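Peer 1: sequence plus the predicted model coming up.
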Amino acid sequence: MWLFTAEETRRIATDVPSLLSEIDHLKRSWREKEEKYIDNISYLGKMLAEKDNLHHVNIEEMRYTQSILHGHCYMYSQKNTQMKLEVEMKTEELMRQRRCLDRTSMENKKLIDENAELREKLHEMESRPQFKNPMDFEDISKLEAKVVILSEKLEQKADEMEVMESFCDSIPELHKKVSLMSKQLDEKASEMKAMESLNQTLQIKEQTYSSALQEARKKLMSLKPKREVEEKCLELQKKVEMVNKELEEKTDELQDMEYCNQTLTIKECMSNRDLQEVRKVLFSGVQYFAMTNRSTIGMKRMGELDSKTFRDTCMYKFPSEEWFIKSAELCSTWQENIKDSAWHPFKKIRVNGKFHAIEHILQDMEEIVDAADEKLVELKREWGEEVYKAVSVALEEINEYNSSGRYPVPEFWNFKEERKACLKEVIEHVLKQLKSLKSARKALKRRG
C-alpha cells in the first residue's frame, strides 16, 4: 500500500476540502451557465416568434392600408375625372346658353322694334278718315297678320328668355358646386399625400422589422440546437458524476491511509521510545568504554566548541601565564553566543538549482552559516581562520541537531571518519568492546 508521511497527509487533508469546494463551485457555475444558456435560447425563440408575428401583422396592415389607399385613390381619381368632365360640360353649356341668350336678346329687340313699327303703321292707317283704295285694307290685314305672328314670336322668345334667366340664376349655384368640388379635390389630394407618407413609414418599418428578424435568425442559427446542448449537458453531468465517484474513492483511500498512518505513527512513537531506551543504554556503554580507552566510536556533544582550537590560538597570542585563562574566557563567551536564540547567523541557499522560501517544503531548503554576519566577520578578523572555523562548525551542528534549544546535545560519532555514527556501528563497537572485556577478564582469571 502507498503510504504518506504525516506532513503529506496533513497537506492532502487540507487540500481535499478546497478541492471539494472548488468542484461544488464549478458545478454551480456550470448549472448557472446551463440555465442561462437555455433561458437565452428560449428568449431568442420567443423574440423570433414575436418578431415573426409582428412582421406578419405589419405586412397585413400595410397590405390592407395599401388596398384602402389604392381604392380611395382610384375612387377619388374617377370622381375627379367625372367632376372635371361635368364642370367642362357645364361650362360649355353655359357659354352656349350665353351665346344663345345674346342672339335671342338681339332678335327679341329686333322683333320688338319691328312690332312697334308695324303697330305705328297700323295705327296710322286706322286713323285715316278715308281709305283711298281697297289695297289699304289688304295692307292692314297683312300688317295685323304680321303683328300677330310677331306677337307669337315675342311670346315664344319671352318663354325662352325666362328659361335662360332661370339657367342664369342657376349659374352661381353651379359655381359654388364647382368650388366645393375643387376644395374636395384638394382635401383628397392632401389625404392621398398623407396616405403616401404613411405607406413610406410602413415600408421603413417593414424594412426595420425585416432586418431585425434576419439578425435574430442569424443569432439563433449561430447557437447550438437545443438537443446538442442537452447532450452536452448530459455529457458534462456524467463527467461530474465520474469525478464525484472518483473523489469519493480517493476520500475513502485517504481515510484508510490516515488510519494506517496513525497506526504507523503510534508504532513509530513506540519504536522511538524503545530506540531512546536503547540509545541511553548505548550512551552509557560508549561512555564507559571511552573512559577506559580511546576508540573510533564515541560520544560527541553537537554544538559544543572545540576548546583545543581556542587554546592553540591563545597560546600564540598571550604569555604563558595568561593564555589558558584567555582561551577559556573566549571559548565560554562564544559558547554563550551560540546559545543566544536572538542571534541567527544563517542564510538559505538553493538546492538542486531551486530556491524555495515555503517552509513546509523542507527537502528543497538548506540553511548554512552566513559568512557575512558581522560577529563572524569580526571574529575571523580578530582571532583568525581556525577559531572562525570552530565557531562555524559548532553553529552548523547546533542548527542541525538542536536549533530550538540552542544547547549542545550528545550524539554517537565516528571520530575516524568525522561523521555521525549509525546505530549498527555503535552496537558493533559495544559488542566488540564487551567481547574484548570478557577476553581480558578470562585472561586475568587464568593468571590468577
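Peer 2: Thanks, I have it.

Peer 1: distance from the chain centre to the single longest helix found in the chain, please.
Peer 2: Counting residues, the longest helix found in the chain (DSSP state H) is helix 6-126. Distance of helix 6-126 from the chain centroid (C-alpha atoms, centre = their mean, to the nearest Å) equals 45 Å.

Peer 1: counting neighbours, what do you get for Trp334?
Peer 2: Trp334 is flanked by 20 other residues according to other C-beta atoms under 10 Å. The way it works is simple: take the backbone N, C-alpha and C, and place the C-beta from them, glycine included.

Peer 1: mind listing the strands for the stretch 151-300 of the chain?
Peer 2: 297-302 (DSSP state E, counting those that start in this stretch).

Peer 1: so where do the helices sit in this structure?
Peer 2: Using DSSP H, helices in the chain cover 6-126, 135-222, 226-292, 307-317, 323-339, 374-383, 385-401, 423-447.

Peer 1: could I get the buried residue list for the fourth one?
Peer 2: Buried residues in helix 307-317, defined by neighbour count with 16 or more other C-beta atoms under 10 Å: 309-311, 313-314.

Peer 1: one step back: so for Gly298, which of the helices of the chain sits nearest?
Peer 2: helix 226-292 (4.7 Å; C-beta to C-beta).

Peer 1: just want the angle from that closest one to helix 6-126.
Peer 2: With axes from the mean of the first three to the mean of the last three C-alpha atoms, to 10 degrees defining the directions, helix 226-292 sits at 160 degrees from helix 6-126.

Peer 1: packing partners of helix 226-292?
Peer 2: helix 6-126, strand 297-302, strand 409-414, helix 423-447 (3 or more C-beta pairs under 8 Å, 6 or more residues apart in numbering; DSSP states H and E).

Peer 1: now do 6 Å
Peer 2: Counting contacts by 3 or more C-beta pairs under 6 Å, 6 or more residues apart in numbering; DSSP states H and E, helix 226-292 is packed against helix 6-126, strand 297-302, helix 423-447.

Peer 1: winner for burial among these?
Peer 2: Mean neighbour count, computed with mean count of other C-beta atoms under 10 Å, is highest for strand 297-302 among the helices and strands packed on helix 226-292, reaching a mean of 18.

Peer 1: can you list the strands that that strand pairs with?
Peer 2: In the sheet, strand 297-302 lines up against strand 409-414 (antiparallel) (DSSP bridges).

Peer 1: name the residues that touch the partner strand?
Peer 2: 298-302, 401-402, 421, 426 (C-beta atoms under 6 Å, 6 or more residues apart in numbering).

Peer 1: may I see the buried residues of stretch 396-405?
Peer 2: For stretch 396-405, a neighbour-count test (16+ other C-beta under 10 Å) marks 396-399, 401 as buried.

Peer 1: Met270: which of those residues is nearest?
Peer 2: Comparing these against Met270 with C-beta to C-beta places Tyr401 closest, at 23.2 Å.

Peer 1: state the distance from the closest residue to that closest one other than its chain neighbours to Leu423.
Peer 2: The shortest distance from Tyr401 to any non-neighbouring residue, by C-beta to C-beta, 6 or more residues apart in numbering, is to Met302 (4.3 Å). The gap separating Met302 from Leu423 is 16 Å, by C-beta to C-beta, to the nearest Å.

Peer 1: how about His429?
Peer 2: From His429 to Leu423 the distance is 10 Å (C-beta to C-beta).

Peer 1: which intervals of the stretch 251-400 of the chain have sub-threshold pLDDT?
Peer 2: For the stretch 251-400 of the chain, residues meeting the criterion pLDDT under 70 lie at 286-294, 351-365.

Peer 1: rerun that using 90 as the cut-off
Peer 2: 251-301, 306, 316-322, 341, 348-367 (pLDDT under 90).

Peer 1: what helices or strands is the longest helix of the chain leaning on?
Peer 2: helix 135-222, helix 226-292.

Peer 1: with distance to Trp383 as extra columns, can I get the buried residues of stretch 396-405 in CSV?
Peer 2: Below are those laid out as CSV (distance: C-beta to C-beta, whole Å):
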residue, distance to Trp383
Glu396, 18
Glu397, 19
Ile398, 19
Asn399, 21
Tyr401, 25
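
Peer 1: kindly indicate which of these lies nearest Thr81.
Peer 2: Asn399 (119.3 Å).

Peer 1: how near is Lys416 to Pro408?
Peer 2: As for Lys416, its distance to Pro408 is 22 Å (criterion: C-beta to C-beta).

Peer 1: who has more neighbours, the two?
Peer 2: The neighbour count for Lys416 versus Pro408, taken as other C-beta under 10 Å, is higher for Pro408 (20 against 10).

Peer 1: which residues touch that one?
Peer 2: Contacts of Pro408 (C-beta under 6 Å, 6+ apart): 301, 303-304.

Peer 1: so which of these comes closest to Cys260?
Peer 2: Distance to Cys260 across these (C-beta to C-beta) is lowest for Gly303, with 36.5 Å.

Peer 1: so for that closest one, what's the nearest residue that isn't a sequence neighbour?
Peer 2: Ile398 (3.4 Å).

Peer 1: mind listing what that neighbour touches?
Peer 2: Per C-beta under 6 Å, 6+ apart, neighbours of Ile398: 303, 338, 406.
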